[in-house]
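# coords please:
(chains A, B and C, ligands or ions: 3)
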Amino acid sequence: MQEQVVCVAAVTVLGALEQAYFSLQVIYARRKYSVSPPDTAGPPEFERIFRAQANCAEYFPIFISTLWVSGLFFNQVVTALVGLLYLYGRYRYFWGYAYSSLGRLQPLYFTAKVQWLLIGLSATGVLLSMSQQYLGLDLPDCLFGI
Amino acid sequence: MQEQVVCVAAVTVLGALEQAYFSLQVIYARRKYSVSPPDTAGPPEFERIFRAQANCAEYFPIFISTLWVSGLFFNQVVTALVGLLYLYGRYRYFWGYAYSSLGRLQPLYFTAKVQWLLIGLSATGVLLSMSQQYLGLDLPDCLFGI
Amino acid sequence: MQEQVVCVAAVTVLGALEQAYFSLQVIYARRKYSVSPPDTAGPPEFERIFRAQANCAEYFPIFISTLWVSGLFFNQVVTALVGLLYLYGRYRYFWGYAYSSLGRLQPLYFTAKVQWLLIGLSATGVLLSMSQQYLGLDLPDCLFGI
Ligand SMILES: N[C@@H](CCC(=O)N[C@@H](CS)C(=O)NCC(=O)O)C(=O)O
Ligand SMILES: N[C@@H](CCC(=O)N[C@@H](CS)C(=O)NCC(=O)O)C(=O)O
Ligand SMILES: N[C@@H](CCC(=O)N[C@@H](CS)C(=O)NCC(=O)O)C(=O)O
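Ligands and ions are numbered 1, 2, ... in the order given. The predicted structure is shown next:
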C-alpha cells in the first residue's frame, strides 16, 4: 500500500518539519523576551509567537487526519497538493501573527478554506467508498458514466 | 486496504468536523466577550469555552490514534461505533463545560471510559496480532476454539 | 498490511497510555494545589506539571505521524525501537519538569534528538520510495549494490 500514500507521507514529513520550525521560534522568543517556562505570559510580541505556534499545533492533528483520509479515499496527488497549500498558509499565518494580531487574519481565512476543502475531499472519498462497498453503487459511474 | 478502514475513516471525518465546530464556538465567544488574540484570559464564560475546546483538541490525537489501531487490529465496525460514542461524549463535554465547570464532569467520566475502552480494544487487537505473527499462536482459537 | 505496522501500532498504544498517565497527573495536581478548571494558573509546582503535560500533548501528533511514516517507509522494527526511546525520554521530561524547570532540559534535548532521528528516517524512507516509484531508481541498490 506504500505506493498509494507516498505523496501524503511526504507532505506529513514536511508538516512535521514545519511544526518543529515553529517550536524553535518559540524557544528563540523565550530567550529574546526572557520568558522562562513554565510562564507563558510576557510582552505581546512573545505572546503572539507563543499563540501562533499553539494554534498551528492545535490544528495539526485535524490537518493530518483529513490529509490521510483524503489521500486514501479521494486521490493522493490532488490531496498532497492541497496539503502543500495548507502548509504554505500556516507559514504565512505564523509570521503574520508574529508581526501583528491583524496580520494573522488573511492567512487564517486562507488556511481555513484549504482545511474545509480537505474535509470535503475526505468526506466525498469516504462516501463514494461506502456507497460502493455497502450499497454496491459505483456513484461516479451512475452520475456521469455512460 | 480501503475497505478495512472505511468506517473509521468516516468517524475521523466526523471528528474533524466536530473539532472545527468547537473552534468556531471559540471564535464566536472571542467576539461576544471581546477577548482579542493573543489574549486567552477573560470572563469565566469565555474561559470555559476556551478551555473546553483546548481540552478536546488535546485529546483528539489520542482518540484518532487508538481509533485507527483498534479499527485495523480489532474490528472496524465495533471501533467505529465506540468512536461515535466518544464524539457524542465530547459534544456533551463541550457544552456542559461551557455552561458550568461542574457541567463538564459527567460527560468527562463518560468520554474517559470510552477512551479507555478504545485503548483496551487497540491493545487486545495488537497483542492478538503480535502473538500470531511472532509466536504463531492463534489466541482466540487457543482460548475459545474447538 | 497489519503485519507491516503491528510494531508501530504497539508503540502507538503505549504512547496513548503515556499521555493518559500524564493527564491523570494534571488531575491529581489540580486537586492537590486546588486549581479548579477553567483556571490554569497556580503555584509553580502546579504550573510545571500542567505545562509538562501540555508540552507532551503538543508534540504527540508530530511523534505519531513520523512514527507511522517511518514504520511504513523505512523499517518498522527500527522505528518501533526509536519510538520506545522517545516515550522513555518524554517520561523523564515530564518528571524532570515537574521537579524543576531546569530538570526538563536534559530529557528535552534527548527527546528532540530522537524526534529528529524519526523525521530523518521518515524522510529517507519516503525519498527512497518516491525515487523508486517515480524515477524507477532503486537507490540502495545504485549506491551500495553489487
Ligand atoms: N484556540 C483558538 C481557537 C479558534 C481559532 O482558531 N481562532 C483563530 C481566529 S480568532 C485564531 O487565530 N486564534 C488565535 C489564537 O489561537 O491565539 C483561539 O483561542 O482562538
Ligand atoms: N489539560 C487538562 C488535563 C487533565 C484533564 O483532562 N482534566 C479534566 C478534569 S479536571 C478537565 O476537564 N480539565 C479541564 C481543562 O482542561 O480545562 C487540564 O488542565 O485539566
Ligand atoms: N510550547 C512550547 C514550544 C517550544 C518548546 O517545546 N520549548 C521547550 C524548551 S523552552 C519547553 O520545554 N517548553 C516548556 C513548556 O512548553 O512549558 C513552549 O512554550 O516552550
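
# Helix, strand, or coil at the most centrally placed residue in chain A?
Relative to the mean C-alpha position of chain A, the nearest C-alpha, by C-alpha atoms, centre = their mean, is the one of A:F63, at 3.7 Å. Assigned with DSSP: H, G, I helix; E, B strand; the rest coil, A:F63 falls in the helix class.

# which other helices and strands contact the helix or strand where A:A54 lies?
Using DSSP states H and E, A:A54 falls within helix A:44-73. Helix A:44-73 sits against helix A:2-32, helix A:76-99, helix A:105-135, helix B:2-32, helix B:44-73, helix C:44-73, with contacts defined as 3 or more C-beta pairs under 8 Å, 6 or more residues apart in numbering or on different chains; DSSP states H and E. Using the backbone N, CA and C atoms, a C-beta is placed for each residue, glycine as well.

# Any part of the last one near ligand 1?
It refers to helix C:44-73. No: residues of helix C:44-73 are not located near ligand 1 by C-beta under 6 Å from any ligand atom, the shortest gap being 12.5 Å.

# and A:Y59, what is it in contact with?
A:Y59 makes contacts with A:R90, A:T111, A:Q115, B:S23, as judged by C-beta atoms under 8 Å, 6 or more residues apart in numbering or on different chains.

# burial of the residue nearest to the second one when sequence neighbours are not counted, as a residue count?
I take that to be A:T111. In space, and not counting its chain neighbours, A:T111 is closest to A:G89: 3.6 Å by C-beta to C-beta, 6 or more residues apart in numbering or on different chains. The number of residues packed near A:G89 is 21, by other C-beta atoms under 10 Å in any protein chain shown.

# Then the one 5 residues further on?
Counted with other C-beta under 10 Å, residues neighbouring A:F94 total 22.

# isn't it right next to A:F22, touching?
Yes: at 5.7 Å, A:F94 counts as touching A:F22 under the criterion of C-beta atoms under 8 Å.

# Chain C contacts on chain A?
Residues of chain A lying close to chain C (C-beta under 8 Å from any C-beta of the partner chain) are A:1-3, A:5-6, A:9-10, A:12-13, A:15-17, A:19-20, A:23, A:36-40, A:54, A:57, A:60-61, A:64.

# what's the least confident helix or strand in chain A by mean pLDDT packed up against?
Ranking every helix and strand in chain A by mean pLDDT, DSSP states H and E puts helix A:139-144 at the bottom, with a mean of 74. The helices and strands touching helix A:139-144, judged by 3+ C-beta pairs under 8 Å, 6+ apart, are helix A:105-135.

# Check which helices and strands the helix it packs on is in contact with.
Here helix A:105-135 touches helix A:44-73, helix A:76-99, helix A:139-144, helix B:2-32, going by 3+ C-beta pairs under 8 Å, 6+ apart.

# Please identify the deepest-packed of those helices.
Highest mean neighbour count of the helices and strands packed on helix A:105-135: helix A:44-73, a mean of 23 (counted as mean count of other C-beta atoms under 10 Å in any protein chain shown).

# is that one up against ligand 2 anywhere?
No: Helix A:44-73 is not in contact with ligand 2 by C-beta under 6 Å from any ligand atom; minimum separation 12.5 Å.

# Between helix A:105-135 and that helix, find me the angle.
Counting by axes from the mean of the first three to the mean of the last three C-alpha atoms, to 10 degrees, helix A:44-73 lies at 20 degrees to helix A:105-135.

# can you give me how far helix A:44-73 is from the chain middle?
Centroid displacement of helix A:44-73 relative to its chain, using C-alpha atoms, centre = their mean, to the nearest Å, is 5 Å.

# Leaving out sequence neighbours, find the closest residue to the closest residue to ligand 1 within chain A.
Residue of chain A nearest ligand 1, by C-beta to the nearest ligand atom: A:R51 (3.3 Å). Spatial nearest neighbour of A:R51, excluding adjacent residues (C-beta to C-beta, 6+ apart): B:P38 at 4.1 Å.

# mind listing what the one you found touches?
Taking C-beta under 8 Å, 6+ apart, we find B:P38 in contact with A:P44, A:E47, A:R48, A:F50, A:R51, A:Y97, A:S101.

# Surely the last one touches B:D39?
Spelled out, it's A:S101. No: using C-beta under 8 Å, A:S101 makes no contact with B:D39, being 9.3 Å away.

# Give me the neighbour count for the closest residue to A:G96 other than its chain neighbours.
Take A:G96 and drop its neighbours on the chain: the residue closest to it by C-beta to C-beta, 6+ apart is A:G103, 3.6 Å away. When counting by other C-beta under 10 Å, one arrives at 17 neighbours for A:G103.

# still on that earlier bit, backbone torsions only: list them for the residue nearest to A:R51.
Backbone torsions of B:P38, given as degrees, to the nearest 10, read phi -90, psi 10.

# The nearest residue to A:K32 once chain neighbours are set aside and ligand 3, how far apart?
Excluding its sequence neighbours, the residue lying closest to A:K32 (C-beta to C-beta, 6+ apart) is A:F46, at 7.7 Å. Computed as C-beta to the nearest ligand atom, to the nearest Å, the A:F46 to ligand 3 distance reads 10 Å.

# Surely A:S129 touches B:V6?
Yes: assessed by C-beta under 8 Å, A:S129 is found in contact with B:V6 at 5.0 Å.

# Find the residues that touch each one of those two.
A:F73.

# For the residue lying closest to A:S100 once chain neighbours are set aside, report the pLDDT, please.
Excluding its sequence neighbours, the residue lying closest to A:S100 (C-beta to C-beta, 6+ apart) is A:R48, at 7.5 Å. On pLDDT, A:R48 comes in at 98.

# List the contacts of A:R48.
Contacts of A:R48 (C-beta under 8 Å, 6+ apart): A:Y97, A:A98, A:Y99, A:S100, A:S101, B:P37, B:P38.
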